[in-house]
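Structure, please.
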Amino acid sequence: MIIEQALATYRTILAQLTEIEQLLSSHDTEAMLEKYQQMMDSQHQAKELDQEILKLLPNVNDPTRSTKILDLLDLMQKIQTTNHRLMPRIQGIMAVYKSELNKLKQGSSMMRRYHSHTRQTGKLLSSSG
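Residues are numbered from 1 along each chain as shown. Below you'll find the model as predicted:
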């Protein structure tokens, strides 16, 4: 059933967010990016399932009585809470990386502008003395 698939997908997203949170302290950016991409794939799948669930809701007498729908809403709330908790930490890490990248770009730009003021003409060397 669609709701079970959605529940499984949202559980996966919550688990992936928890893994990302653990990776934040290790600053393992490659693992974070990999986990982030997996989470984005799961979110895309969840979005498709959500569309299917929205089509079915008008046919349900009282959706607030369905324990599966309530479980789904609870998972969504947990994901939102986790997102709010992680966002400041992720923004802080991104700010550090952005600053470091700007410094590297600035240093590279300075090196390109540096020119030696010596004459660059070659002279013949003679060993015939």
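
C-alpha from now on. contacts and neighbour counts both.
Noted.

Centre of the chain to the helix or strand bottoming out on mean pLDDT in the chain, how far?
Among the helices and strands of the chain, helix 67-113 carries the lowest confidence by mean pLDDT, DSSP states H and E, at a mean of 85. Relative to the centre of its chain, helix 67-113 is centred 7 Å away, using Cα atoms, centre = their mean, to the nearest Å.

for the helix or strand where residue 6 lies, what is the average pLDDT?
Secondary structure assignment for residue 6, by DSSP states H and E: helix 2-26. Averaged over helix 2-26, pLDDT sits at 92.

Could you number the chain from 51 rather than 1 from now on?
Understood, numbering begins at 51; the last thing we discussed is helix 52-76.

can you give me the angle the one helix or strand residue 100 maps to makes with helix 117-163?
According to DSSP H and E, residue 100 maps onto helix 79-106. Helix 79-106 runs at 140 degrees relative to helix 117-163, counting by axes from the mean of the first three to the mean of the last three Cα atoms, to 10 degrees.

So what's the gap between helix 79-106 and the chain middle?
12 Å.

Report the mean confidence score over that helix.
Mean predicted lDDT for helix 79-106 stands at 91.
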